[in-house]
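Asker: based on what follows, work out the 3D shape:
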Amino acid sequence: MSTDAPVLPAAPAAHHNERVFLEGPQTRKWEFWTLLGITWEFIRGFRMLHFVGPCVTVFGSARFKEDHPFYAMARDVGSRLVDLGFTVMTGGGPGIMEAANRGAKDAGGVSVGCNIILPKEQSANRYLDYVVTFRYFFVRKVMLLKYSYAFVVMPGGVGTMDEMFEALTLIQTRKISEFPVVLMGIEYWQPLLDLLKRMVDAATISADDLNLVKVTDSIDEAMAHIQKHAIEKFGLKRLPKPSKMLGELPRTSLPSK
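Answerer: Next up, the predicted model:
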């Protein structure tokens, strides 16, 4: 378990009040410094994540504890994604995020977190090899999407829904490739599926858009879907896992500052 994951220095706190940022135009000086802060967050994210290799991002609630069945499922998902050759990326926090990162560590894989600063500060979980912490949600979402070839969506709240629909919108509008999106937990997601079908009936989305998501309770089925629609479709090559016995280093080489 890694408790000292490499990090990059954060942007200066001054001029970075997000609530003010969203309240309309400010002084030119304030806007200039805010823009520099946002730019620096992108630079930090690009530098930290440039070498992580093909990722799968796991979304889900921060509120599930270790004894919850969804925590156990997410931990298994993390391990199985490593077995497919992927780096596991999450939002870096507790709950489902911790479970997926923990599963990646269980399997000897690489575990990455994109953490967020909140009013009630979210601490990065202890199962991360590499973590970068963001102030702006929109910058963080870019990083969670940019490096991933598939998305696994565990049960979660409005934040999880936001991340899931961001991915689906980009896929639907062809801003990114048609990467697989897997929703774990049929019963949990059934009301959403019913809503999507009503959208089809109302002609606000097309029937084909329902094919953008795979909903299942089976981790085997989820992995087979990712194997077919990410690895085989995009020609991704499975990378060998490093051998501790041979003194091999992890397959990633990331900047520490």
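Asker: and the next helix or strand past the longest helix along the chain?
Answerer: Looking across the chain with DSSP state H, the single longest helix is helix 28-49. Once the chain leaves helix 28-49, the next helix or strand it forms, by DSSP states H and E, is strand 55-59.
Asker: and that next one, what does it pack onto?
Answerer: In terms of contacts (3 or more CB pairs under 8 Å, 6 or more residues apart in numbering; DSSP states H and E), strand 55-59 is packed against helix 69-83, strand 87-90, helix 96-106, helix 137-146, strand 148-153, helix 158-172. Bear in mind the C-beta positions are built from the backbone N, C-alpha and C, glycine included.
Asker: could you dump the ones you listed to TSV with mean neighbour count and mean pLDDT?
Answerer: Below are these laid out as TSV (neighbours: other CB atoms under 10 Å; pLDDT from 0 to 100):
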stretch	mean neighbour count	mean pLDDT
helix 69-83	22	98
strand 87-90	31	97
helix 96-106	28	98
helix 137-146	19	95
strand 148-153	26	97
helix 158-172	16	97
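Asker: among the ones you listed, which comes closest to Leu128?
Answerer: Checking the helices and strands packed on strand 55-59 against Leu128 by CB to CB gives helix 96-106 as the closest, at 5.7 Å.
Asker: so which bits of the longest helix of the chain are buried?
Answerer: Trp30, Trp33, Thr34, Gly37, Ile38, Trp40, Glu41, Arg44, Gly45, Met48, Leu49 (16 or more other CB atoms under 10 Å).
Asker: what confidence value was assigned to the second one?
Answerer: Meaning Trp33. What the model reports for Trp33 is a pLDDT of 90.
Asker: just the fifth one next, same as before
Answerer: In the prediction, the pLDDT value recorded for Ile38 is 93.
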